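J.: requesting a structural model of the entry that follows:
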Amino acid sequence: MTARRSWVLLLVIIAASAGLIGAVGENTAAGQAPDSLPSSAPSARVEQVLGEFPDAGSTAAIVVVTRADGGDLSDDDRAAMAAAIMRATGQQSAGPILTSPDQQAAIGQVPVDAELSGFALTDRVEDIRASTDEGLPDRLILQVTGGPAFGADIADSFSGANITLLAVTAAVVAVLLIATYRSPVLWLVPLAVVGAADRVATSVGTGLAKLTALTFDGSTAGITSVLVFGAGTNYALLLVSRYRDELHREADHRAALRHAVRRAGPAILASNVTVVAALLVLLLAALPNTRSLGAMAAAGLVVAVVFVLLALPVALALCGRNVFWPFVPDAKGQDTMNDGIWHAVAGWVVRRPAVVAGSAIALLVVCAAGLSTAQIGLSQIDQFRVRAESVDGFDTLAHHFSSGASDPTIVLARSGSATQIEAALHRTAGLAQTWRSGISPTGLTRWAVVLDAPPASAEAFDMIEALRAAVDAVPEADALVGGTDAQVLDIQSAASRDRTVIIPLVLLVVLVVLLVLLRAVPGALVLVAVTVLSAVAALGLGSWISEYVAGFPALDISVPLFAFLFLVALGVDYTIFLVTRAREETPRHGTTRGMVRAVSATGAVITSAGVVLAAVFCVLGVLPLITLTQIGIVVGLGILLDTFVVRTVVVPALFSLIGRSVWWPSALWRVEESD
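T.: Okay, the predicted model is just below:
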């Protein structure tokens, strides 16, 4: 391709990208909390039916008031609290105010439009906090909590967070690319290409959200951005590495670039297809946020591979070979795969394959054992990595009232069965308080039920199950149990189902891709097995660090599935990079020497790519939710294990142990080992 054609193609790519970004517009859902409740769950049906009640469209923020000195509330204190609530509502009445049994706390409610979400909800809750604090006596402490306050604090925690994530990610990638290339110029080219891909991927995700029922919330946007930067940089590293190898053999940099794209392109495409196919399996999930992540991340990675295979070669062609300055490759035609540190490591591994493989696999098994003691499931108040007023207010409320007082469980049933339903509620153990809270024009009665158990605890879930069993036993009542605890239980049940269904399908997709790529049954099975072991080891080690080092109470329910998916799919990236090179070397050098040469050729780029990807995932820790921090920890550790243990040690050792049979039934299994 001539310089003129290169400029034309580059300008077309820039114009098309700018047009797409301008046409789609801004992602307005970035501040929303993830939508993780399946529409078929009983608690979701409760949310739908609540629209039939006269007070539909309104929810309530909970105002909690205590004295700064910890003493009992006086009549004047309660009057000051009522005045604060009236300021927030603009009404002449504060509504019912409930005083705790110990007389040291009181709670009231402020109506909030149920349609508000994201930053609009944050603004409303901030208005409530400002108006209630105004004129409040210094002796009183007022906190706003409840469902709307939790949603507002989640949205507020994402305010500017994705910009911070993008800036930190770009800085990390830039530093690592400079360290990898040792060039003051070259790093700018892949970083600019991948950065542009990330902006286009964000617009594609926003467009998908507008065209479908999927949501592109803050956490989905953050994970997608990390995947685009991480995988896109990996693809760029592989292409540039192969380009540098070809420059040692070609005087014409454009010819070298054509050879590099032709030889590295299939591995990059195969890697991308594997990850995209694995992500698309998430569309079969029950959890809406899981389905959204699968679609958005898959679209983002397609954008990334298009930019790397189209825009990056054009940019490199325009820059010429001097872009590698001060270490410009010269066309001497030397073979660089018979020396270097990675050649030495691979040679050491294949000389003692049984000992090396056994020791490395034992290490992975020990790490995996940490998963056996992992606690899974974070409550609503444990979602934040930083403190929020909604969490502090809930802690205050739980100290003085029954834990469920701020967010009662909801029971709905036909009004004709109200007497039997109330009898069933009275027979259910563990209920602190029960009262009728509304009747709909369509003949439904609503009860509010306060559970005598911490929210989202095993005890609360047992009570929800008992409640459902009790009201289901009432004939023709069509009773439903909802509310926050019921929603969390339904989400956990759906997450368990997703792990059972999605993980085997992801492994099947990866196995099929490897079988098609390698045409070698033993090789594909071995590679999937060690990748799974590496992922489980990372989950075990990551859960141990999350609990005992970071101090998090448990793994969030989405972490095992997301982390396993990313580790298996991205781990296969490096497998494909390595094994496709081994396939290329085996016809001339045999299985063992071919693998040694493949490690020698790809060791540096796989290590660089692994470090970049691990670092990029760790950047998720700048976002405020524990879930994303945990995904960053587990996936970052897993990628490092995969890079330095599995791909560098275990795979070469196992290929050496199995020998040429690893390539059966392809023609490579007939190739004799060279001396």
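
J.: which residues does Ser493 contact?
T.: Ala41 (CB atoms under 8 Å, 6 or more residues apart in numbering). All C-beta atoms are positioned from the backbone trio N, CA, C, and that covers glycine.

J.: tell me the pLDDT of it.
T.: pLDDT for Ser493: 91.

J.: same check on the one 3 residues further on?
T.: At Ser496, the predicted lDDT confidence score is 89.

J.: again, but for Gly31
T.: 51.

J.: then the one 4 residues further on?
T.: Here, the pLDDT recorded for Asp35 equals 70.

J.: wait, a strand at it?
T.: No - checked against DSSP: H, G, I helix; E, B strand; the rest coil, Asp35 lies outside a strand; its state is coil.

J.: residues contacting the most centrally placed residue in the chain?
T.: Central residue of the chain (CA atoms, centre = their mean): Ile223, 5.1 Å from the mean position. Listed by CB under 8 Å, 6+ apart, the contact set of Ile223 reads 293, 297, 562, 620, 628, 631.

J.: low-confidence bits of the chain, can you list those?
T.: 1-3, 25-34, 157-162, 332-339, 379-381, 384-386, 403, 406, 673-675 (pLDDT under 70).

J.: next helix or strand past the longest helix along the chain?
T.: The residue-count maximum for a helix in the chain (DSSP state H) belongs to helix 559-618. Later in the chain than helix 559-618, the nearest helix or strand by DSSP states H and E is helix 626-641.

J.: what's the offset of that next one from the middle of its chain?
T.: With CA atoms, centre = their mean, to the nearest Å as the basis, helix 626-641 stands 10 Å off its chain's centre.

J.: which secondary structure elements does it sit against?
T.: Contacts defined by 3 or more CB pairs under 8 Å, 6 or more residues apart in numbering; DSSP states H and E place helix 626-641 against helix 218-247, helix 521-548, helix 559-618.

J.: just those: most buried one?
T.: Neighbour counts (mean count of other CB atoms under 10 Å) averaged over each of those peak at helix 218-247, with a mean of 26.

J.: list the contacts of stretch 421-438.
T.: For stretch 421-438, the external contacting residues (CB under 8 Å, 6+ apart) are 53-55, 402, 404-405, 408, 410-411, 413, 418, 445-453, 459, 462-463, 466-467, 470-471, 473-474, 477, 479.

J.: which of those residues count as buried?
T.: 53, 402, 404-405, 408, 410-411, 413, 418, 445-451, 453, 463, 466-467, 470-471, 474, 477, 479 (16 or more other CB atoms under 10 Å).

J.: let's see which of those residues end up in strands.
T.: Using DSSP state E, the subset of the buried ones among the contacts of stretch 421-438 located in strands is 410-411, 413, 445-451.

J.: list the contacts of stretch 455-468.
T.: Residues contacting stretch 455-468 (CB under 8 Å, 6+ apart): 42, 377-381, 394, 403-404, 407, 409, 411, 425, 428-431, 449, 451-454, 481, 484-486, 488-489, 492.

J.: export it as CSV, just CAs?
T.: Taking only C-alpha atoms (Å, rounded to 0.1, in the frame of the first residue of the first chain), the coordinates of stretch 455-468 have been written out as CSV:
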residue,chain,number,x,y,z
PRO,A,455,-30.4,-7.9,55.6
ALA,A,456,-29.2,-10.4,52.9
SER,A,457,-28.2,-12.8,55.6
ALA,A,458,-28.8,-16.6,55.6
GLU,A,459,-31.4,-16.1,58.3
ALA,A,460,-33.2,-13.5,56.1
PHE,A,461,-33.2,-15.8,53.1
ASP,A,462,-34.6,-18.7,55.3
MET,A,463,-37.4,-16.4,56.4
ILE,A,464,-38.1,-15.4,52.8
GLU,A,465,-38.3,-19.1,51.8
ALA,A,466,-40.6,-19.8,54.8
LEU,A,467,-42.8,-16.8,53.9
ARG,A,468,-43.1,-18.0,50.3
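
J.: 51 is where my numbering starts, stick with that
T.: Let's use 51 as the start, then, which means that last one is stretch 505-518.

J.: report the distance from that stretch to the chain centre.
T.: Chain-centre distance of stretch 505-518: 27 Å, with CA atoms, centre = their mean.

J.: what of stretch 658-669?
T.: 15 Å.

J.: start to end distance for stretch 66-86?
T.: The straight-line separation of the ends of stretch 66-86 (CA to CA, to the nearest Å) is 34 Å.

J.: what about Leu61, how many neighbours?
T.: 11 (other CB atoms under 10 Å).

J.: wait, I meant Val364
T.: 21.

J.: can you name the residues that contact the nearest residue in space to Ala336 that is not next to it in sequence?
T.: What sits nearest to Ala336 in space, not counting adjacent residues and going by CB to CB, 6 or more residues apart in numbering, is Ala544, at 4.0 Å. By CB under 8 Å, 6+ apart, the contact set of Ala544 is 88, 91, 335-337.

J.: mind picking the two most distant members of those?
T.: Farthest pair in these (CB to CB) is Ala91 and Ala335. Separation: 13.3 Å.

J.: ok, now how distant is the nearest residue to Leu332 once chain neighbours are set aside from Phe614?
T.: Of all residues beyond its chain neighbours, the one nearest Leu332 is Gly344 (2.6 Å), with distances taken as CB to CB, 6+ apart. Gly344 is 14 Å from Phe614, where distance means CB to CB, to the nearest Å.

J.: same question for Pro715.
T.: Going from Pro715 to Phe614 by CB to CB gives 30 Å.

J.: what sits against the residue nearest to Val609 when sequence neighbours are not counted?
T.: Leaving aside its sequence neighbours, Val609 sits nearest to Gln680 (CB to CB, 6+ apart; 4.8 Å). Going by CB under 8 Å, 6+ apart, Gln680 touches 592, 596, 602, 605-606, 609, 613.

J.: farthest-separated two in these?
T.: Maximum distance among the contacts of Gln680 (CB to CB): 13.9 Å, for Phe602 and Ala613.

J.: now do the strands in the stretch 151-300 of the chain.
T.: Assigned by DSSP state E, counting those that start in this stretch, the stretch 151-300 of the chain shows strands spanning 155-163, 190-195.

J.: in a markdown table, list those along with mean neighbour count and distance to Phe266.
T.: Output for those, formatted as a markdown table (neighbours: other CB atoms under 10 Å; distance: least, CB to CB, whole Å):
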| stretch | mean neighbour count | distance to Phe266 |
| --- | --- | --- |
| strand 155-163 | 21 | 23 |
| strand 190-195 | 22 | 28 |
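
J.: closest one to Gly255 among these?
T.: Comparing the strands of the stretch 151-300 of the chain by their distance to Gly255 (CB to CB), the top pick is strand 155-163, with 27.2 Å.

J.: who does that closest one touch, helix- and strand-wise?
T.: Secondary-structure packing of strand 155-163 (3+ CB pairs under 8 Å, 6+ apart): strand 108-117, helix 125-139, strand 148-149, helix 168-183, helix 439-450.
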